[in-house]
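1. output the structure for:
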Amino acid sequence: WSAGSDVYKGQGHNWPTRWADTCGGVKPDVALLVIGWPGHTTRFVDGEWRGPCDPAFERFYEGEVREALKVLHAQGTKVAFTTVPYYRSPKSPEGTDAKTDCLNKMYKRLSSETNTTIIDLAQYVCPGGTCRTEDNGVAIRPDGRHFDGPSGTCIGAWVLDRPLEPLVNGSGPGASPVPQ
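-> Residues are numbered from 1 along each chain as shown. Next up is the predicted model:
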C-alpha cells in the first residue's frame, strides 16, 4: 500500500485524513515511511520560499513529519522510516548535500523521539558520502535520484531485509504507543 505519493502533487494537504482512513481500513502491522525528497527544492513558509536548514522551514516541516508519524502510529501500527540518499545528478542544485544532511538529521532525531525504527538508506546508497552507482550488477538511480525499474526492486529488497522482526514481534524501536 502506498498513500503518500500525492502529498505535494496537487492533491491538497488532506493527506492525514486519507492516511488515517486507509490505515483504519487496512490495519497494517507495520508501516514504512519513505520520503524520497533530498531537499533540493523549496516550500512557501512564513511568506518566503524556504528549504532545509532554514529554521522557519525546519519548524514547519518537522510538524509535517511528526503528523505523518503520528497518523501511522495511531492504530498501534509499528513504524519504520528511511533516511534519504544524496541527489547525484548534473541537475542537482548546489548545496543539496547539506540540505539532505539537515533532513536526515531531523529524521533520525524524530525517529528516536517517537520510538520509530530508522532504516539508514542514505548510508547504504551513499556510504561516507560517496554514492554507489550499482548494486549486485543493477544500476542504482540512473537519474541520480529515483530508484526506478530493477533498482527499485533491488533497493526495496534491501530495505525489506532490514531487521523488521522487532517491529512485528512488538520489541525494539517503532513498537511503541502513538507518539506525541
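2. isn't R66 right next to R109, touching?
-> No. At 10.9 Å, R66 does not count as touching R109 under the criterion of Cβ atoms under 8 Å. From N, CA and C alone the C-beta is placed, and that goes for glycine too.
3. the more surrounded of the two?
-> R66 (15 against 12; other Cβ atoms under 10 Å).
4. so for that one, what's the pLDDT?
-> R66 carries a pLDDT value of 94.
5. can you report phi and psi for it?
-> R66 adopts backbone torsions of phi -60, psi -40, taken as degrees, to the nearest 10.
6. ditto for N104
-> For N104, the backbone dihedrals are phi -70, psi -40 (criterion: degrees, to the nearest 10).
7. excluding chain neighbours, give the residue nearest to it in space.
-> T83 (4.4 Å; Cβ to Cβ, 6 or more residues apart in numbering).
8. so how far is W15 from the one you found?
-> Noted for T83: a distance of 21 Å to W15, by Cβ to Cβ, to the nearest Å.
9. contacts only, for the residue nearest to N104.
-> By Cβ atoms under 8 Å, 6 or more residues apart in numbering, T83 lies in contact with 104, 107-108, 118-123.
10. closest one of the residues you listed to G47?
-> Y107 (26.2 Å; Cβ to Cβ).
11. dihedrals phi and psi, that closest one?
-> According to degrees, to the nearest 10, Y107 has phi -60, psi -40.
12. next one: stretch 62-75 to chain centre, how far?
-> Counting by Cα atoms, centre = their mean, to the nearest Å, stretch 62-75 is centred 12 Å from the centre of its parent chain.
13. and the contacts of the host helix or strand of V159?
-> According to DSSP states H and E, V159 maps onto helix 149-161. By Cβ under 8 Å, 6+ apart, the residues outside helix 149-161 that reach it are 32, 34, 82, 119, 121, 124-125, 135-136, 138-142, 147.
14. try 7 Å this time
-> 82, 119, 121, 124, 135-136, 138-141, 147 (Cβ atoms under 7 Å, 6 or more residues apart in numbering).
15. buried subset of these?
-> Among the contacts of helix 149-161, those classed as buried by neighbour count (16 or more other Cβ atoms under 10 Å) are 82, 119, 121, 124, 135, 140-141, 147.
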